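starting from these lines, generate the structure:
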Amino acid sequence: MTVSTALTETPDPNSMERSLTIAVIGDVHDQWDDQDEQALQHLGVDLVLLVGDFGNESVDVVRSVAAMSLPKAVVLGNHDAWYSATHWGRDKCPYDRTAEDWVQDQLDALGVAHVGYGKLDLPELGLSVVGGRPFSWGGPQWRNKTFYRERYGLENFADSVNVIMDNVQQTTQDTVIFIGHCGPTGLGDRPEDPCGRDWEPRGGDFGDPDLTEAIAQTKALGKSVPLVTFGHMHHRLRHRKDCLRKRLVADDQTVYLNAADVPRIVPTEFGVKRNCSLVTLTGGKVTQAAIAWVDHQFQLCDEEILYQAPAAIAES
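Numbers count the residues shown, from 1 in each chain. The predicted structure is shown next:
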């Protein structure tokens, strides 16, 4: 059940001093093409984190993501098991489930890049990436019991925490970034909060409680958790159009970033512009987080700063 890999066991002694640029790709929903990697290359990112919902078991999209040459870590979302996790989804399944398994095809394509219930050690960057529960729909109830029992042998949130922590305990780096499709509980229960329910009945914290517990246990081990990033709850709200969802929460130790800006590719008069979140990690701490848009020439055409560390603000 534990998935792990390390590119090398020898940490780079300078890795904690350098400034890293991390791109976070929110819910893709079939909006991915070969120019996405070119855009990320032009931005000079060191690592790409993709938080799921590539489409309704869209194997070809996931294979395209898997082929990207940049260092990457991925967690699959609820739409990535759309025809497999629920009774109503299986009833609508467009393929022969006795002959094909599109969920497994996605997992096989991603290999060690998929960190849902796994981890990826990146000693040359001075960090490890740990994934939360893959295929999560969020919320306080343990959903899709048959799916998780058959795929992972898990029965409840406690089992899920144990799997995540098995991977945390095997990380080779003391700096850990968590990625999930859903964020953790504890970021607010209003519909506009990062994991708040914005459908009827409105309100309630629909984060993952197992992710919250795993983060707390990881910090108790003495690991640093500078960034937790996720998607699922789109920035554009269902119940109101006069504001967007709150996209970031930060405390003294950790920045929690919802990266689900949907649609992430939009037309312009010259072509399209495409979205990602950009996080700067300096000395193992987040110093800036922003929502960024790249134009048809792969130039940064729009950027909204969501967070700057107090020291970075003072220096500027």
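
going forward, measure contacts between C-alpha atoms and count neighbours the same way
Will do.

in this protein, which strand is the longest?
strand 271-282 (DSSP state E).

who's in contact with that one?
16-26, 36, 259, 261, 264-267, 286-296 (C-alpha atoms under 8 Å, 6 or more residues apart in numbering).

from those, keep the buried residues only.
Buried members of the contacts of strand 271-282, counted by 16 or more other C-alpha atoms under 10 Å: 16, 19-26, 36, 259, 261, 264-265, 286-296.

ok, back up a step: for the longest strand of the chain, list the C-alpha coordinates in CSV.
Extracted C-alpha coordinates of strand 271-282, given in CSV (Å, rounded to 0.1, in the frame of the first residue of the first chain):
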residue,chain,number,x,y,z
GLY,A,271,-5.5,32.8,-28.3
VAL,A,272,-5.8,31.5,-24.8
LYS,A,273,-4.4,32.1,-21.3
ARG,A,274,-3.8,29.3,-18.8
ASN,A,275,-3.8,29.3,-15.1
CYS,A,276,-1.6,27.9,-12.3
SER,A,277,-0.8,28.9,-8.8
LEU,A,278,2.9,29.8,-8.1
VAL,A,279,4.4,29.2,-4.7
THR,A,280,7.9,30.5,-3.7
LEU,A,281,9.6,28.4,-1.1
THR,A,282,12.8,29.9,0.4
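
what residues are up against residue 109?
62-63, 66.

which ones among those are found in helices?
62-63, 66 (DSSP state H).

who wins for most neighbours among the contacts of residue 109?
Per-residue neighbour counts (other C-alpha atoms under 10 Å) across the contacts of residue 109 peak at residue 62, which has 25 neighbours.

show the model's pLDDT score for that one.
At residue 62, the predicted lDDT confidence score is 98.

excluding covalently adjacent residues, which one is nearest to it?
residue 106 (6.1 Å; C-alpha to C-alpha, 6 or more residues apart in numbering).

quick check: that neighbour is in a helix.
Yes. Counting by DSSP: H, G, I helix; E, B strand; the rest coil, residue 106 is part of a helix.

what's the burial count for it?
22.

is it true that it touches residue 63?
Yes. Applying C-alpha atoms under 8 Å, one finds residue 106 in contact with residue 63, separated by 7.1 Å.

ok, now which ones touch the most centrally placed residue in the chain?
Centrality entry for the chain: nearest residue to the mean C-alpha point is residue 51, 2.8 Å, by C-alpha atoms, centre = their mean. Going by C-alpha under 8 Å, 6+ apart, residue 51 touches 24-27, 74-77, 179-181, 229-231.

mind redoing it with 7 Å?
Going by C-alpha atoms under 7 Å, 6 or more residues apart in numbering, residue 51 touches 25-27, 74-76, 179-181, 230-231.

check the gap between it and residue 35 for me.
Distance, residue 51 to residue 35, using C-alpha to C-alpha, to the nearest Å: 19 Å.

now do residue 210
36 Å.

who has more neighbours out of the two?
Neighbours were counted for residue 210 and for residue 35 using other C-alpha under 10 Å; residue 210 has more, 24 against 12.
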